[in-house]
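Student: have a look; sequence and predicted model below, questions after that.
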Amino acid sequence: MITLKNVRFKVGKHNILNNINMKLKRGKVYGLLGPNGAGKTTLFKALLNVIEYKGDIFKDYNHVTIGKLIEYPAFYPNLTCVENLKLHASYADIEYNDSIVNDLLGIVGLPDAKHKKFKELSMGMKQRLGVAKALMGNPNLLLLDEPTNGLDPMGMKDMRNLIEQNLKGKQRTIVISSHNLNEVSFVTDTFLFMREGKKILEIDNNEDIYMFGRVQQIPDHQNVKQAVTLLEDNKKEIYFLLSETNFNKLKTTNDFVYSDVQNLTLENLYIKLMSTDLIEVKSYV
Ligand SMILES: Nc1ncnc2c1ncn2[C@@H]1O[C@H](COP(=O)(O)OP(=O)(O)OP(=O)(O)O)[C@@H](O)[C@H]1O
C-alpha cells in the first residue's frame, strides 16, 4: 500500500496539489480523472519523487520500484525497439538480458517489431514500447499518464487488453490518468476524481449506477452519513451522490428526504463534479 498524507505542492501562490490524501492498494488499478491542469501529472511527479512536495508519501513495499509512461514516450528515433530498451535499462541501472527484453516486447505485443527503428513505428506501437520501457525492472507501481493519447480505436482496445491481461497483477499497483472516461472505466477498480489540485472524490468502479438528487433532509446517523457523498453548489443547495445499492438502502430510512433523483452515467458524474457551480464535495467515508 502507498499512502499519501496531506501532499501539497505550491508554485508561487498557486496550489497545484492541495492536501491530497489517498491510499493506493496492491493489485488495484486506479483511474485518475480530472480536467486539464487538475494536477494529475504533478501527482505522478510527487509519487516519482521528482518534485519537492510537502506532506508524506509512505510506501509499505520493502523496495518500491516505479515504472512510468508520462506524456509521450521519449526514444531515440534511429535506434530499434531492442536497442532503445537496452539503452534505457543501462541508463536507469536496471538489470536486463536479451530474454528479458524479448519477453517485454512480447508482453506489449511488439514481438515482430523488435528490430524496427522507433521512427518507423505507428503511434500505437510507440505507446506500447513506452509501456515496455515502464515495465523494465518489473515495477510494483506503474504510472500511466494518458496511455491512450493519440491512439485510434483499435490502438485503444489493444492498450486496454494489454493492461487488463498482462499488466494487472496481485503485487502491482497501477495508476492511469486519462481523459477518456469510457476507456479507463474498462480497466479501473477505483476512480479518483481530481479538480483544482484536490482529490474531490474516490469511488469504486462497480456495476452500480450513481444516483444524484437534491437533499431536503438527511438523518443524523453516522452510518447514513458514511454512505452519502454530499455535493454543495455555490447557491448552497445540497445534493447527494450515492451508488444505487446505497440509495436503495437509504430509501428505506424514513428521515432521508430528497427530490429530483436521476441516474448518472460516468460522463454525467464527471460533469457534475467538474461543473463550476459546484464548490464543495464532502464525503464522510
Ligand atoms: N513546476 C511548475 N511550475 C508552474 N506551474 C506548474 C508546474 N507544474 C505544474 N504546473 C501547473 O499546475 C497545473 C497542473 O498541471 P498538471 O500537468 O499536473 O495537470 P494535469 O491534470 O496533468 O493536466 P493535463 O490533463 O492537461 O495533462 C497546471 O496549471 C500547470 O500549468
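Tutor: Nice, I can see it. Numbers count the residues shown, from 1 in each chain.
Student: ok, which stretches of the stretch 151-285 of the chain are strands?
Tutor: 173-177, 190-195, 198-204, 210-217, 229-233, 238-243, 257-264, 278-283 (DSSP state E, counting those that start in this stretch).
Student: looking at those, which is nearest to Leu105?
Tutor: strand 173-177 (19.8 Å; CB to CB). Using the backbone N, CA and C atoms, a C-beta is placed for each residue, glycine as well.
Student: buried stuff in whatever helix or strand Gly106 lives in?
Tutor: Using DSSP states H and E, the element containing Gly106 is helix 98-107. Under the neighbour-count criterion of 16 or more other CB atoms under 10 Å, helix 98-107 has Ile100, Val101, Leu104, Leu105, Ile107 buried.
Student: and His63, that one's in a strand?
Tutor: No. Going by DSSP: H, G, I helix; E, B strand; the rest coil, the assignment for His63 is coil, not a strand.
Student: can you read off the pLDDT for Gly213?
Tutor: At Gly213, the model reports a pLDDT of 89.
Student: that one against Tyr258, yeah?
Tutor: Yes. Between Gly213 and Tyr258 there is a contact at 4.6 Å, judged by CB atoms under 8 Å.
Student: between these two, which one's more packed in?
Tutor: Taking other CB atoms under 10 Å, Gly213 and Tyr258 do not tie; Tyr258 has more neighbours (20 against 15).
Student: contact partners for that one?
Tutor: Counting by CB atoms under 8 Å, 6 or more residues apart in numbering, Tyr258 touches Gly213, Arg214, Val215, Gln216, Phe240.
Student: repeat for Ile238
Tutor: Shown in contact with Ile238 (CB under 8 Å, 6+ apart): Arg214, Val215, Ile218, Leu230, Leu231, Glu232.
Student: so which of these reach the ligand?
Tutor: Applying CB under 6 Å from any ligand atom, the subset of the contacts of Ile238 adjacent to the ligand is empty.
Student: who wins on neighbours among the residues you listed?
Tutor: Leu231 (23 neighbours).
Student: show me what contacts that residue?
Tutor: Phe212, Ile238, Tyr239, Phe240, Leu241, Lys272, Leu273, Leu278, Glu280, Val281, Lys282.
Student: could you find the closest non-adjacent residue to it?
Tutor: Tyr239 (4.4 Å; CB to CB, 6 or more residues apart in numbering).
Student: so for that neighbour, what's the pLDDT?
Tutor: At Tyr239, pLDDT is 89.
Student: one step back: from the contact counts, what lies against the helix holding Gly106?
Tutor: If contacts are counted by 3 or more CB pairs under 8 Å, 6 or more residues apart in numbering; DSSP states H and E, helix 98-107 sits against helix 81-91, helix 123-135.
Student: what's it in contact with?
Tutor: Contacts for helix 98-107 (CB under 8 Å, 6+ apart): 81-82, 85-86, 89, 111, 113-114, 132, 135-136, 162, 166.
Student: adjacent strands (with direction) for the host helix or strand of Leu142?
Tutor: Assigning secondary structure by DSSP H and E places Leu142 in strand 141-145. Note on strand 141-145: by DSSP bridges, its sheet partners are strand 66-69 (parallel), strand 173-177 (parallel).
Student: let's have those strands in JSON lines, adding mean neighbour count and distance to Phe247.
Tutor: Compiled in JSON lines, these are given as follows (neighbours: other CB atoms under 10 Å; distance: least, CB to CB, whole Å):
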{"stretch": "strand 66-69", "mean neighbour count": "21", "distance to Phe247": "37"}
{"stretch": "strand 173-177", "mean neighbour count": "25", "distance to Phe247": "28"}
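Student: so which of those comes closest to Met1?
Tutor: strand 173-177 (8.2 Å).
Student: could you tell me the angle between that closest one and strand 190-195?
Tutor: 40 degrees (axes from the mean of the first three to the mean of the last three CA atoms, to 10 degrees).
Student: the closest residue to Lys114 other than its chain neighbours: what's it in contact with?
Tutor: Distance criterion CB to CB, 6+ apart; nearest residue to Lys114, sequence neighbours excluded, is Val82 at 5.0 Å. Listed by CB under 8 Å, 6+ apart, the contact set of Val82 reads Val101, Asn102, Leu105, Lys114, His115.
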